[in-house]
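Asks: Below: sequence and its predicted model.
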Amino acid sequence: MNQGAQGSAEVRAAEIAGMAQVRGAARVPVQPGAAEGDRVRGEHTHSEAPIPRPRPAVQRSSVRGQILDALRTALVAGELTPGEVYSAPALGDRFGVSATPVREAMQQLALEGAVEVVPNRGFRVVKRGARELAELAEIRALIEVPVMLRLARTIPPDRWADLRPLAEATVRAAAAGCRATYAESDRAFHSAVLSLAGNEQLVHIAEDLHRRSQWPLSVTPPTRARADLIADAAEHTALLEALIARDLDVVRALVGEHFAGA
């Protein structure tokens, strides 16, 4: 087994376990002049329902990136309601920053298809339909399944074994029932598998599709969501064991089931 690769996977798995807790409850120190700048932009906040303030603080470095991660976490967790409009100043108040990094993060989310711009008001969380999610799952399968089957024939067992910490991280996240943490661990596992193909563009495209497929249709009941996550995580570990054993028939069946369930 490649000890360096295994160590990297273990570190990545450990980082994932705490990412949602930091991002989902992020707060950045207030930036001077934020309120005045927001009024100049004419965005309305007086009619919006109060948004609960998170407790822990995040570091000043890469404010935009941390806000983007926090917003992604809030979306996956169902804290931002599909169809609702959120202004940059109101969200900035939630995270304790000016509206500027929020607008920048929201523009990225708009490119990813998670929100849409509402002129002079803010950003509306996109309502997702079942057909859209099914189409994303189909595209992911068209890209990832052939690559996984090719890798199953060429990658030695010890390289697959190095990914065990990432598969185990998805199991722990699923057992905890946290959709945001699971989203991170799930994406990390799939990206690690695809990275073995040595094609960075493939990994980037697959990650974008994967992220888009994780925006929820609506807030689902916690018990049902947890059961779905547990079943999905179990497929990760079963797939990895089949890849280590080079059982191509089982790999083919598991990969097909995994994307059909997505």
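Replies: Sure thing, it's come through. It should be emphasised that the depicted structure is a prediction, and the values quoted were computed from it without experimental measurement.
Asks: distance between the ends of stretch 153-167?
Replies: For stretch 153-167, the first-to-last residue distance is 20 Å (Cα to Cα, to the nearest Å).
Asks: low-confidence ranges in this protein?
Replies: Within the chain, the ranges that satisfy pLDDT under 70 run 1-61, 216-224, 261-262.
Asks: which residues of it fall in strands?
Replies: Using DSSP state E, the strands of the chain run over residues 85-86, 115-118, 122-125.
Asks: quick one: stretch 204-216 to chain centroid distance?
Replies: Here stretch 204-216 is found 7 Å from its chain centre; the criterion is Cα atoms, centre = their mean, to the nearest Å.
Asks: how about the spatially closest residue to Leu109 that is not a sequence neighbour, what does it touch?
Replies: Closest residue to Leu109 apart from its sequence neighbours, by Cβ to Cβ, 6 or more residues apart in numbering: Val115 at 4.8 Å. C-beta here means a position set from N, CA and C on the backbone, and glycine is covered the same way. By Cβ atoms under 8 Å, 6 or more residues apart in numbering, the residues touching Val115 are Met106, Leu109, Phe123, Arg124, Val125, Val126.
Asks: The fifth one: how many residues sit nearby?
Replies: As a burial measure, Val125 scores 19 neighbours (other Cβ atoms under 10 Å).
Asks: Enumerate the beta-bridge partners assigned to it.
Replies: Legend: beta-bridge partners of Val125 under DSSP bridges are Val115.
Asks: Might one say that it is in contact with Glu79?
Replies: No: Val125 lies out of contact with Glu79 (Cβ atoms under 8 Å); the separation is 10.1 Å.
Asks: related to what we said a few turns ago, pipe the contacts of Val115 into CSV and attach distance to Ser62 per row.
Replies: CSV is the format used below for these (distance: Cβ to Cβ, whole Å):
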residue, distance to Ser62
Met106, 16
Leu109, 16
Phe123, 21
Arg124, 26
Val125, 24
Val126, 26
